[in-house]
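Participant: any chance you can model this:
(2 chains)
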2 protein chains.
Amino acid sequence: MLFLKLAPFDYFVLFLHWVVNLKRVKRVRGPMFEPAIIVHGGCGVYPREESLEPFLAGVKDAALQGHALLSRAGSAVDAVEAAVSVLEDNPLFNSGRGSVLNLDGQVEMDAIVIDGQTLGSGAVCGLRRCANPAWYTLRFHFQTRHCLLTGAGAQEFMRSQGIPEVPDSYLVVPRRRLAWEKTVLGDQRSPDTATASELSPGCDTVGAVAMDATGNVAAATSTGGTTAKLPGRVGDSPIIGAGAYADSDVGAVSTTGDGESIMKVCLARRTVELLEQSQTV
Amino acid sequence: MLFLKLAPFDYFVLFLHWVVNLKRVKRVRGPMFEPAIIVHGGCGVYPREESLEPFLAGVKDAALQGHALLSRAGSAVDAVEAAVSVLEDNPLFNSGRGSVLNLDGQVEMDAIVIDGQTLGSGAVCGLRRCANPAWYTLRFHFQTRHCLLTGAGAQEFMRSQGIPEVPDSYLVVPRRRLAWEKTVLGDQRSPDTATASELSPGCDTVGAVAMDATGNVAAATSTGGTTAKLPGRVGDSPIIGAGAYADSDVGAVSTTGDGESIMKVCLARRTVELLEQSQTV
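Facilitator: Here you go, the predicted model:
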């Protein structure tokens, strides 16, 4: 219509339209940001005789894989999921394979992924027999409009999505089994051959925050919880604003520590707020 | 030591100590506050032809029972639990008896109780076959140091505490069954005799906030979630900072509405923060 009737006013409209479009292009395509990712392997106690090297190599590997995805124009939310999945596969960390055992000797996992652009998230609590809870939460986020899933429904969603179930024998590693025996059954059941490093819980909850080339941020957190926790206990990790938070206008946070304390103060959300206040001060 | 060596400086120290103690006594024993309680029956759509009377009578009954407890020097956390339990027993409200049904036609409930004095809380998600989830969360809060429980562990805790299981036939009321049939199976399965009021979801999530005579506040929220929700879906209600929050220095909040939206912004915690800011401005 515009090209058929080029009165001066129409030229003006055409010009305005072009400016608006340019702005839209600028908003979509840039300004480009340098992609960045930060990964943590959780707070924990390291026995002095144990080398930190494999733990550092683990988080470095996760950061590199997340960053590789960002470099190929991947989104922040995909990058944090990729990084956390690497740590879930690594038996040294308390998430996925290598998760701690609850009081009944079972693995129950919590995880969350949150996208700072939309504040949309996917999370799961009390999940069993899943190798990569972070990947699960991302699928849950994209497939439904819900935020948090639990119980039999969470296991059913896994089946419906064709996510394979893994046996507990895959998720449970000797280090965690020994820590559980020490806590639940007492020292007398621990093999004499167990060293302090084998008994140590080592690393805790894992997490990642990332910013992609468009400037969007995301956060992910994944955990097996705490050794000998009450079956069904849920910590801060899968809770929006406690275990993770992301707002592309401000920043992204993934937390680790005593879940019950973190939940009380909505630590991740509070951190983003303080960050926002410091920007505006 | 102080009385053995009464130099002028020591008198000063003694005096200071007395002042500090007085302040402590004042903080513990008073000033006494007028107990107060606010109860909500959730947001929802009321059909025009239906009287609001029974709903109003329901929340009034809950408020009166909570207030009666406060008047007998009961604590804020006990009062909100008592008020919410009254609404859970009332089949008009979407909590306890009268909860909506999930996609599979089952009742799965979420609830939370939070004490503003300690920020300590008890919460449960995906709970089945329980008449009073609010009472359950209070027991969980007092019996353990955890905050949130789910899945098979949540059912096991119920059994271990001697909380009786109730059959689904107690929890499910005709109004909710019809709403479920209308949503899941389509109108053709709904009996021709069903009126709009029977099909209406009516009231939603319930909650209460209270302040006791010592000035402490508490909040509680309880819900059956949303009609035909994905089995295992958890909303905002059992999440600290989303479904409820309480801080005796500021105030208490219980929320109702679209859970997925409330969770995104940690609405209860955010409300308490805004209240705090308005107090200090």
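Participant: near chain B, which residues of the stretch 101-250 of chain A? Just list them.
Facilitator: Residues of the stretch 101-250 of chain A lying near chain B by Cβ under 8 Å from any Cβ of the partner chain: A:102, A:108, A:119-121, A:125-126, A:144-154, A:156-157, A:229-235, A:239-242. Heads up, the C-betas are built off the backbone N, CA and C, glycines and all.
Participant: A:Ala242 touches A:Asp236, doesn't it?
Facilitator: Yes. The pair A:Ala242 / A:Asp236 is scored as a contact, 3.9 Å apart, by Cβ atoms under 8 Å.
Participant: backbone phi and psi for A:Asn90, please?
Facilitator: Backbone geometry at A:Asn90, expressed as degrees, to the nearest 10, gives phi -90, psi 120.
Participant: ok, it touching A:Ala83?
Facilitator: No. A:Asn90 lies out of contact with A:Ala83 (Cβ under 8 Å); the separation is 11.2 Å.
Participant: identify the residues contacting the helix or strand in which A:Ile37 is found?
Facilitator: For A:Ile37, the host element (DSSP states H and E) is strand A:36-40. Contacting residues not belonging to strand A:36-40 are listed as A:59, A:62-63, A:66-67, A:70, A:79-80, A:83-84, A:87, A:206-211, A:254, A:256 [Cβ atoms under 8 Å, 6 or more residues apart in numbering or on different chains].
Participant: need the residues touching each of A:Asn90 and A:Ala83.
Facilitator: With Cβ under 8 Å, 6+ apart, A:Asn90 and A:Ala83 have common neighbours A:Ala62.
Participant: higher neighbour count, the two?
Facilitator: A:Ala83 (32 against 22; other Cβ atoms under 10 Å in any protein chain shown).
Participant: how about that one, nearest residue that isn't a chain neighbour?
Facilitator: Excluding its sequence neighbours, the residue lying closest to A:Ala83 (Cβ to Cβ, 6 or more residues apart in numbering or on different chains) is A:Gly66, at 3.3 Å.
Participant: what sits against the one you found?
Facilitator: A:Ile37, A:Val39, A:Ala79, A:Val80, A:Ala82, A:Ala83, A:Val86, A:Ala208, A:Ala210.
Participant: one more pass at 10 Å, please.
Facilitator: A:35-39, A:74, A:76, A:78-86, A:208-210, A:220 (Cβ atoms under 10 Å, 6 or more residues apart in numbering or on different chains).
Participant: which of those residues fall in strands?
Facilitator: A:Ala36, A:Ile37, A:Ile38, A:Val39, A:Ala208, A:Val209, A:Ala210, A:Ala220 (DSSP state E).
Participant: the last one and A:Ser85: what is the separation?
Facilitator: Yep, that's A:Ala220 we're talking about. As judged by Cβ to Cβ, to the nearest Å, A:Ala220 and A:Ser85 stand 9 Å apart.
Participant: repeat that for the second one.
Facilitator: Distance, A:Ile37 to A:Ser85, using Cβ to Cβ: 13 Å.
Participant: give the residues shared as contacts by these two.
Facilitator: Common contact partners of A:Ile37 and A:Ser85 (Cβ under 10 Å, 6+ apart): A:Ala62, A:Gln65, A:Gly66, A:Ala208.
Participant: what helix or strand is the third one on?
Facilitator: Under the criterion DSSP H and E, the helix or strand holding A:Gly66 is helix A:53-71.
Participant: show the average pLDDT along stretch A:232-252.
Facilitator: When pLDDT is averaged over stretch A:232-252, the result is 98.
Participant: hang on, I meant stretch A:107-119
Facilitator: Taken as a whole, stretch A:107-119 has an average pLDDT of 98.
Participant: return the set of buried residues in that stretch.
Facilitator: A:Val107, A:Glu108, A:Met109, A:Asp110, A:Ala111, A:Ile112, A:Val113, A:Ile114, A:Asp115, A:Gly116, A:Gln117, A:Leu119 (16 or more other Cβ atoms under 10 Å in any protein chain shown).
Participant: before we move on, back to that, farthest-separated two in the shared contacts of A:Ile37 and A:Ser85?
Facilitator: The largest distance within the shared contacts of A:Ile37 and A:Ser85, taken as Cβ to Cβ, falls between A:Gln65 and A:Ala208 and amounts to 10.2 Å.
Participant: give me the more crowded residue out of those two.
Facilitator: Neighbours were tallied for A:Gln65 and for A:Ala208 using other Cβ under 10 Å; the higher tally belongs to A:Ala208 (32 against 17).
Participant: from chain B, how far out is that one?
Facilitator: According to Cβ to the nearest Cβ, to the nearest Å, A:Ala208 and chain B sit 20 Å apart.
Participant: and stretch A:99-117, how far apart are its ends?
Facilitator: Stretch A:99-117 has an end-to-end distance of 30 Å (criterion: Cα to Cα, to the nearest Å).
Participant: just the residues of the stretch 101-250 of chain A next to chain B: which are in helices?
Facilitator: Those of those mapping onto helices are A:Gly151, A:Ala152, A:Gly153, A:Ala154, A:Glu156, A:Phe157, per DSSP state H.
Participant: next up, the contacts around the third one.
Facilitator: If a contact means Cβ under 10 Å, 6+ apart, then A:Gly153 has A:124, A:146, B:102-104, B:106, B:108, B:126, B:151, B:229-234 as its contacts.
Participant: and the fifth one, by the same measure?
Facilitator: With contact taken as Cβ under 10 Å, 6+ apart, A:Glu156 is in contact with A:Leu149, B:Asp104, B:Leu230, B:Pro231, B:Gly232.
Participant: nearest to B:Gly44, of those?
Facilitator: B:Leu230 (20.6 Å).
Participant: is it correct that that closest one is in contact with B:Gln106?
Facilitator: No. Applying Cβ atoms under 10 Å, one finds B:Leu230 not in contact with B:Gln106, separated by 11.7 Å.
Participant: quick revisit: overlap in contacts of A:Ala242 and A:Asp236?
Facilitator: Contacts common to A:Ala242 and A:Asp236, judged by Cβ under 10 Å, 6+ apart, are A:112, A:221, A:255, A:259, A:261-268, B:147-148, B:240.
Participant: now restrict the residues you listed to buried residues only.
Facilitator: Among the shared contacts of A:Ala242 and A:Asp236, those scoring as buried are A:112, A:221, A:255, A:259, A:262-268, B:147-148, B:240 (criterion: 16+ other Cβ under 10 Å).
Participant: thinking again about what came up before, looking at B:Leu230 and B:Gln106, which is more packed in?
Facilitator: Neighbour count, other Cβ under 10 Å: between B:Leu230 and B:Gln106, B:Leu230 has more, with 21 against 17.
Participant: how much space between the more buried one and chain A?
Facilitator: Separation of B:Leu230 from chain A (Cβ to the nearest Cβ): 6 Å.
Participant: contacts only, for that residue.
Facilitator: By Cβ under 10 Å, 6+ apart, the residues touching B:Leu230 are A:140, A:143-146, A:149, A:153-154, A:156-157, A:160, B:102-104.
Participant: by neighbour count, which of these wins?
Facilitator: A:Leu149 (29 neighbours).
Participant: what's near enough to touch that residue?
Facilitator: Taking Cβ under 10 Å, 6+ apart as the test, what A:Leu149 contacts is A:122-127, A:136-137, A:140, A:155-158, A:238, B:125-126, B:230-234.
Participant: please redo it, this time with the cut-off set to 8 Å
Facilitator: Contact analysis of A:Leu149 by Cβ under 8 Å, 6+ apart lists A:Ala123, A:Val124, A:Cys125, A:Phe140, A:Phe157, B:Leu230, B:Gly232, B:Arg233, B:Val234.
Participant: tell me the two of the residues you listed that are most distant?
Facilitator: The most widely separated members of those, counting by Cβ to Cβ, are A:Cys125 and B:Leu230 (14.4 Å).
Participant: I'd say A:Gly58 and A:Ser95 touch.
Facilitator: No. Between A:Gly58 and A:Ser95 there is no contact under Cβ under 8 Å: 11.1 Å.
Participant: neighbour count: those two, which is higher?
Facilitator: Set A:Gly58 next to A:Ser95 and count neighbours by other Cβ under 10 Å: A:Ser95 wins out with 33 against 22.
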